[in-house]
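S.K.: got a sequence here, can you model it:
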Amino acid sequence: MNEKDIVTKLVEEKRLARREASDLVETFFSLLRDKVNTQVAVSMPGFGRFERKKAKGRFAGRILYEDDPADGLFVHFTAHEKLLARTSRDFVKEAP
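M.R.: Here you go, the predicted structure:
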């Protein structure tokens, strides 16, 4: 399902004009994006929670070279931010 499908569903079920439905969906995603980008956790009961988390830098491993296994390249991940999205237990029901 994509944004166009959501707009179509709103037009059919809620009898909104296509332009109104499109503006509604765009406003919702824009608001969600803005709040998450400003380090605010967004929680919607029954749907889920979105937040930015800081991931620490860490050692990932070493790339070994075939000709001399003692030589190698150390691989490190630098500290960065990531989006954490958790769905509510009520949102995801078990499949029959």
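
S.K.: domains of this protein?
M.R.: 1-38, 41-91 (automatic domain parsing).

S.K.: give me the buried positions along the first one.
M.R.: So that's domain 1-38. The neighbour-count check on domain 1-38 (16 or more other CB atoms under 10 Å) flags Ile6, Val7, Leu10, Val11, Ala21, Ser22, Val25, Val36 as buried. Quick note: C-beta positions are derived from backbone N, CA and C, even for glycine.

S.K.: now do the end-to-end distance for it.
M.R.: 27 Å (CA to CA, to the nearest Å).

S.K.: that one: how far from the chain's middle?
M.R.: 17 Å (CA atoms, centre = their mean, to the nearest Å).

S.K.: hang on, the earlier thing: among the buried residues of domain 1-38, which are in strands?
M.R.: Using DSSP state E, no member of the buried residues of domain 1-38 falls within strands.

S.K.: hmm, which two among these are most spread apart?
M.R.: Comparing all pairs in the buried residues of domain 1-38 by CB to CB, the longest separation belongs to Val11 and Val36, at 27.3 Å.

S.K.: sorry, back to before: okay, the buried residues of domain 1-38 in JSON lines with pLDDT and distance to Ala85 next?
M.R.: Listed next are the buried residues of domain 1-38 as JSON lines, based on pLDDT from 0 to 100; distance: CB to CB, whole Å:
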{"residue": "Ile6", "pLDDT": "95", "distance to Ala85": "17"}
{"residue": "Val7", "pLDDT": "95", "distance to Ala85": "22"}
{"residue": "Leu10", "pLDDT": "94", "distance to Ala85": "22"}
{"residue": "Val11", "pLDDT": "96", "distance to Ala85": "27"}
{"residue": "Ala21", "pLDDT": "95", "distance to Ala85": "24"}
{"residue": "Ser22", "pLDDT": "96", "distance to Ala85": "23"}
{"residue": "Val25", "pLDDT": "96", "distance to Ala85": "18"}
{"residue": "Val36", "pLDDT": "89", "distance to Ala85": "9"}
